[in-house]
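Peer 1: mind looking at a prediction? Sequence and model below.
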Amino acid sequence: MKKLVLTCFLLALTVALWAQERSVSGNVSSSEDKSPLPGVNVLLQGTTIGTVTDASGNYTITVPPGKGTLAFSFIGLLTQEIEIGERTTIDVSMASDVTQLTELIVTAQGILKTRNELSYSAQTVTGENLSNARDNNFVNSLSGKVAGVQIQKNNSMGGSTNIVIRGWKSLTGNNQALFVVDGVPIDNSTDNVNNNNSANSSGNGRPESVDFGNAAADINPDDIESTTILKGPAATALYGSRASNGVVYITTKKGRKKGIGVTLNSGVTFGTVDKTTLPKYQKEYGGGYEKYYGPNEDGYFDQSDVDGDGVLDNIVPTREDASVGAPFDPNLLVYQWDSFGDPTSPNYQKKTPWVAAKNDPNEYFETGVTYSNSVSIDGGGDKGFFKLGYTTTDETGVQPNSKLQKDYLNFSASYEVAKNLSASGTINFSNVDGKGRYALGYGGNNNLSSFREWWQMNVDIKQQEAAYMRTRENITWNWGPGYPAKTDLIYWDNPYFAAYENYSTDNRLRYLGNVNWIIRSPHG
């Protein structure tokens, strides 16, 4: 009988206590645009009782009897503490914490942490800082913006750029940082140029003699929200040995939380060669190697009776590609490269004054122009958001007949498919078409190897251009011997023939993306 009475008493006490518990509900929104805030932590202070807001910013929490305080918190927002009192409905408007936002770091696997939580070095560059000073390869835009990071810019159209974090770690192996885009690792190696470092690389327009660029060059700077450089081993451990040289973690832009918008961007960039890096050509001596040509005592020129008058004529030794021959003398008339091989030449079978050319090889380069146009549509609502963007860039290089076309397509979206369950995904496409990329190595159609080492200062580069444009043939300045018809090429092509007739073409299509399922605990 006593046991029955005790049981009834405890049951009545439990029912009484349960009856005193109550539910508190409400909505959490942004103080800036009044949009609902999903994922906000709601915690009864001093207890482990808590929950999170749903996609509409709503929450419900059961609290015990007595007074208590609810704490509302979210990364990047000011935490609020509100006394419950006798209320059953509490709506909250939360403001941004500017100080906290500036200290957020995207770490390995995309995890958000404050700078004070990190045990390693990390540095972030916003997408706006990368796109303001636009470069067709966004990695070049990182130069000078991150401490301890060495950016070796390419000097060719669409070429590879090396990024080394905290110095070189291997003399023979790979020193490239690992690139990760929205959690997806990508290979940024430069294997396509390895063979061009040897003396045997001929630079003759073959695929192995052209730098087609590495994968990071195909990332659209307009799609970048932020770039974080992870420098320490602890930061890169989750990616294994691939990240031993550090990680460049890229977060792409997502759609807005509410409403819909369209963004248009258009720009043009002009580029020229850095004249301080160009050779300074002497204007005193013409083609040849000192005095060992011809039968006469002068010895600077080949000699033959070209015009048939019985007198030996001076002929520039065009088979030579050096310029340490006869001193220039405007009173001396000689047969030069444009006297042979091209009947359409205004100087065909004619002698011309022995003077330095008006236009040296530095006049070969043109003004490069890059056009960039992008459009994006993004929007969001109570259940999710989306973003769709398209960017196209059209780059004309500083060398004739060189062009690089890039097209980017990006789509990202997130949707709450069920309570506490969301799905998100991102897909990025890039299509690159190259024409006339600058050749590497020695010789062939790499005109720079001629301009910097082998050239006759009596040869006018603009006259070489005119000769090619008239005939569309390889009217070179480097004719072989055999007078009066010197029509065999010794070594160097007409630079414009090399550019317009012996160029490379390439196409590269890449896509990468990810799909994520996010499960939120109803108890926070």
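Peer 2: Cool, the structure landed.
Peer 1: let me see the backbone angles for K291.
Peer 2: Main-chain torsions, K291, degrees, to the nearest 10: phi -100, psi 80.
Peer 1: how many residues are close by it?
Peer 2: Neighbour count of K291, defined by other Cβ atoms under 10 Å: 13. For glycine as for every other residue, the C-beta is placed from the backbone atoms N, C-alpha and C.
Peer 1: give me the phi and psi angles of the residue lying closest to it once chain neighbours are set aside.
Peer 2: The shortest distance from K291 to any non-neighbouring residue, by Cβ to Cβ, 6 or more residues apart in numbering, is to G299 (3.3 Å). Torsion angles at G299 (phi, psi; degrees, to the nearest 10) stand at phi 80, psi 0.
Peer 1: from D33, how far out is G299?
Peer 2: Look at G299 and D33: by Cβ to Cβ, to the nearest Å, they are 86 Å apart.
Peer 1: before we move on, what about I163?
Peer 2: In this structure, I163 and D33 are 38 Å apart, going by Cβ to Cβ.
Peer 1: so which of those two has more stuff around it?
Peer 2: Taking other Cβ under 10 Å, I163 and D33 do not tie; I163 has more neighbours (24 against 10).
Peer 1: helix or strand for that one, which one?
Peer 2: strand 162-165 (DSSP states H and E).
Peer 1: strands paired with that strand, and their directions?
Peer 2: Partners of strand 162-165 in the sheet, by DSSP bridges, are strand 149-152 (antiparallel).
Peer 1: can you name the residues that contact the residue nearest to the spatial centre of the chain?
Peer 2: The centroid of the chain falls nearest to N137 when counting by Cα atoms, centre = their mean (2.6 Å). Contacts for N137 (Cβ atoms under 8 Å, 6 or more residues apart in numbering) come out as 154, 158, 161, 213, 216-217.
Peer 1: least confident of the residues you listed?
Peer 2: In terms of pLDDT, the weakest of the contacts of N137 is N154, which scores 72.
Peer 1: that one and Y503, how far apart?
Peer 2: 18 Å.
Peer 1: could you do Y292 as well?
Peer 2: For Y292, the distance to Y503 equals 38 Å [Cβ to Cβ].
Peer 1: so which of the two has more stuff around it?
Peer 2: Using other Cβ under 10 Å, the more surrounded residue of Y292 and Y503 is Y503, with 21 against 9.
Peer 1: is that one in contact with N446, as I believe?
Peer 2: No - counting by Cβ atoms under 8 Å, Y503 does not reach N446; the two are 11.6 Å apart.
Peer 1: can you pull the contacts of the closest residue to S30 other than its chain neighbours?
Peer 2: Spatial nearest neighbour of S30, excluding adjacent residues (Cβ to Cβ, 6+ apart): L37 at 5.8 Å. By Cβ under 8 Å, 6+ apart, L37 lies in contact with 28-30, 53, 57, 74, 77, 94.
Peer 1: how about low-confidence regions in the stretch 251-400 of the chain?
Peer 2: For the stretch 251-400 of the chain, applying pLDDT under 70 flags the ranges 257, 296-297.
Peer 1: separation between the nearest residue to N474 once chain neighbours are set aside and T393?
Peer 2: Counting by Cβ to Cβ, 6+ apart, N474 lies nearest to F497, which is 4.4 Å off, once chain neighbours are set aside. The gap separating F497 from T393 is 29 Å, by Cβ to Cβ.
Peer 1: model confidence over stretch 472-483, on average?
Peer 2: For stretch 472-483, mean pLDDT is 84.
Peer 1: per-residue pLDDT, the nearest residue to I475 once chain neighbours are set aside?
Peer 2: Nearest residue to I475 in three dimensions, chain neighbours excluded: A467, at 3.9 Å (Cβ to Cβ, 6+ apart). Looking at A467, its pLDDT is 95.
Peer 1: what does P64 give?
Peer 2: As predicted, P64 sits at a pLDDT of 85.
Peer 1: shift numbering so it begins at 155
Peer 2: Okay, residue one is now 155; in that scheme the one you just asked about reads as P218.
Peer 1: so it is in contact with V178, correct?
Peer 2: No - applying Cβ under 8 Å, one finds P218 not in contact with V178, separated by 11.1 Å.
Peer 1: looking at these two, which one has more neighbours?
Peer 2: Between P218 and V178, counting by other Cβ under 10 Å, V178 is the more crowded of the two (19 against 13).
Peer 1: what's the stretch of helix or strand that one belongs to in contact with?
Peer 2: Element membership for V178 (DSSP H and E) is strand 176-184. Residues from elsewhere that reach strand 176-184 (Cβ under 8 Å, 6+ apart): 189-191, 194, 196, 207, 210-217, 219, 224, 226, 238, 241-249, 411.
Peer 1: select only the buried ones of the residues you listed in PyMOL?
Peer 2: Burial among these is assessed by 16 or more other Cβ atoms under 10 Å; the matching PyMOL selection reads:
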select buried, resi 189+190+191+194+196+207+210+211+213+215+217+224+226+238+244+246+248+411
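Peer 1: re earlier: tell me the secondary structure at the residue nearest to I629.
Peer 2: Look at A621: counting by DSSP: H, G, I helix; E, B strand; the rest coil, its state is helix.
Peer 1: poorly predicted segments of the stretch 155-304 of the chain, please.
Peer 2: Looking along the stretch 155-304 of the chain with the criterion set at pLDDT under 70, you get 155-174, 252-277, 280-290, 298-299.
Peer 1: and stretch 370-380, what's buried?
Peer 2: 370-378, 380.
Peer 1: let's see it as CSV, backbone CA atoms only.
Peer 2: Provided in CSV are the C-alpha atoms of stretch 370-380 (Å, rounded to 0.1, in the frame of the first residue of the first chain):
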residue,chain,number,x,y,z
ALA,A,370,44.9,27.5,-62.3
ALA,A,371,44.9,29.8,-65.4
ASP,A,372,41.4,28.4,-66.3
ILE,A,373,39.8,29.6,-63.1
ASN,A,374,37.4,32.6,-63.7
PRO,A,375,38.4,35.5,-61.5
ASP,A,376,34.8,36.8,-61.7
ASP,A,377,33.6,33.7,-59.9
ILE,A,378,36.0,33.9,-56.9
GLU,A,379,34.5,35.0,-53.6
SER,A,380,37.8,34.6,-51.7
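Peer 1: roughly how far out does that stretch sit from the chain middle?
Peer 2: What separates the centre of stretch 370-380 from the centre of its chain is 7 Å, taken as Cα atoms, centre = their mean, to the nearest Å.
Peer 1: check stretch 429-436 too.
Peer 2: Using Cα atoms, centre = their mean, the offset of stretch 429-436 from its chain centre is 29 Å.
Peer 1: okay, domains of this protein per the record?
Peer 2: 156-251, 260-429+521-593+659-673 (automatic domain parsing).
Peer 1: which of these sits most buried?
Peer 2: With neighbours taken as mean count of other Cβ atoms under 10 Å, these reach their highest mean count in domain 260-429+521-593+659-673, at a mean of 17.
Peer 1: no further queries at this time; thank you.
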